[in-house]
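Chemist: show me how the following folds:
(one chain, ligands or ions: 1)
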Amino acid sequence: MSMDEAERIRSWTLAPSKPRFVPPPGAVDAHCHVFGPAERFPFSPKAKYLPQDAGPDMLFALRDRLGFARNVIVQASCHGTDNAAMLHAIAKSQGRARGVAVVDPAIGAAELAMLDGGGIRGIRFNFLKRLVDDAPKDRFLDVARRLPKGWHVVVYFEADILDELRPFLDAIPVPLVIDHMGRPDVTQGPGGADMRAFRALLDSREDIWFKATCPDRLDPAGPPWDDFAGAVAPLVADYPDRALWGTDWPHPNMQDAIPDDGALVEMIPRIAPTPELQHKLLVANPMRLYWPEEVRAKG
Ligand code: 0GY
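Modeler: Sure, this is the predicted structure:
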């Protein structure tokens, strides 16, 4: 699918504010994406939105402006199962980015090994009907059983299908990372039905992680996203070794309430109020998942 760049969607703030909160050294933005450049890395014919280019140079400039050291780039649905744009970004990062791919479940061992060599450490299963045409659980499980050593599975779903997904999630034989906490209704508060169901999932296995991300998507009241802070801070406090954080830049397909990335960073001390929690959320946890060899080398 092609279209002039000016007609495509720009979903990010051109001049994000400089946050007052300073992330600890080595902080990882563990959920972000790259788009294109489309001339070199065309979007999928099945893409549900067509964004303007948001390539690695823009991502790394934002990383530096916000005070982060590394990125985990997640394949966005607009690029389908062609991970080339993300691999290109990782290759340009000088070791400061790793990635999560989206693959055709029929992928073979040689291509998985190629992705591993390119810095990929997991695959993403997306269950959002507005983003993907199908999400075949049996084929997803098949590929989840054949992943390279050390990889995990990232799952993106909305709270209303968590119950239905439970047998599938239970059967995945590698660690699980849940995007945006499975999109709970944060207006229900920290003890609401959605958060209770999500905690039950976390309690069912020790190897389920979550991204405490996307106040802009989850809190309908908008900035400063007080309901998000109120619902998510207790989760980070109770599961401090399993929480990850990311900007979600360039905020795929956001059109009405594009967030200021600096304001998103200001959310960090509200959900992780102590330096110890901040270090786990931004450094220790993502390093264990994405750069475990560096953690081991440090002993
Ligand atoms: C996100 C959220 C969204 C989009 C995608 O792959 C994507 O297109 O992930 C969304 O629209 O909620 O985490 O980037």
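Chemist: first-to-last residue distance for stretch 84-103?
Modeler: With C-alpha to C-alpha, to the nearest Å applied, stretch 84-103 spans 12 Å between its terminal residues.
Chemist: mind listing residues that contact that stretch?
Modeler: Under the contact criterion C-beta atoms under 8 Å, 6 or more residues apart in numbering, stretch 84-103 has outside partners 33-37, 40-41, 55-57, 59-60, 63, 69-75, 77, 79-81, 83, 111-112, 115, 118-124, 126, 143, 154, 290-291. Where you see a C-beta, it was placed from the backbone N, CA and C, and this is true even at glycine.
Chemist: around the ligand, which positions in this protein sit nearby?
Modeler: His33, Ala76, Ser77, Cys78, Leu131, Asp179, Arg217, Asp248, Pro252, Asn253 (C-beta under 6 Å from any ligand atom).
Chemist: export these as JSON lines, with columns for distance to Val22 and secondary structure.
Modeler: JSON lines is the format used below for these (distance: C-beta to C-beta, whole Å; DSSP: H, G, I helix; E, B strand; the rest coil):
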{"residue": "His33", "distance to Val22": "24", "secondary structure": "coil"}
{"residue": "Ala76", "distance to Val22": "28", "secondary structure": "coil"}
{"residue": "Ser77", "distance to Val22": "33", "secondary structure": "helix"}
{"residue": "Cys78", "distance to Val22": "33", "secondary structure": "helix"}
{"residue": "Leu131", "distance to Val22": "34", "secondary structure": "coil"}
{"residue": "Asp179", "distance to Val22": "26", "secondary structure": "helix"}
{"residue": "Arg217", "distance to Val22": "25", "secondary structure": "helix"}
{"residue": "Asp248", "distance to Val22": "20", "secondary structure": "coil"}
{"residue": "Pro252", "distance to Val22": "27", "secondary structure": "coil"}
{"residue": "Asn253", "distance to Val22": "30", "secondary structure": "coil"}
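Chemist: quick one: which of these is most hemmed in?
Modeler: Ranked by neighbour count (other C-beta atoms under 10 Å), the residues of the chain next to the ligand have His33 at the top, with 28 neighbours.
Chemist: show me what contacts that one?
Modeler: His33 neighbours (C-beta under 8 Å, 6+ apart): Ala54, Ile73, Val74, Gln75, Ala76, Met86, Asp248, Trp249, Pro250, Pro252.
Chemist: which of those residues fall within strands?
Modeler: The strands, defined by DSSP state E, take in Ile73, Val74 from these.
Chemist: closest to Val283 out of the contacts of His33?
Modeler: Val283 lies nearest to Ile73 out of the contacts of His33, by C-beta to C-beta, at 17.8 Å.
Chemist: just the pLDDT at that closest one, thanks.
Modeler: What the model reports as pLDDT for Ile73 is 99.
Chemist: tell me the secondary structure at the residue nearest to it when sequence neighbours are not counted.
Modeler: Closest residue in space to Ile73, ignoring its immediate chain neighbours: Gly99 at 4.6 Å, by C-beta to C-beta, 6 or more residues apart in numbering. Of the three states, Gly99 takes strand under DSSP: H, G, I helix; E, B strand; the rest coil.
Chemist: number of nearby residues for Gly99?
Modeler: The burial count for Gly99: 25, using other C-beta under 10 Å.
Chemist: per-residue confidence at it?
Modeler: pLDDT at Gly99 comes out at 98.
Chemist: and it, what are its bridge partners?
Modeler: Bridge pairing for Gly99 (DSSP bridges) gives the partners Ile73, Ile120.
Chemist: what separates it from the ligand, distance-wise?
Modeler: Separation of Gly99 from the ligand (C-beta to the nearest ligand atom, to the nearest Å) stands at 13 Å.
Chemist: same question for Val103.
Modeler: In terms of C-beta to the nearest ligand atom, Val103 sits 14 Å off from the ligand.
Chemist: and Lys137, how far is that from Phe157?
Modeler: From Lys137 across to Phe157, the span is 11 Å (C-beta to C-beta, to the nearest Å).
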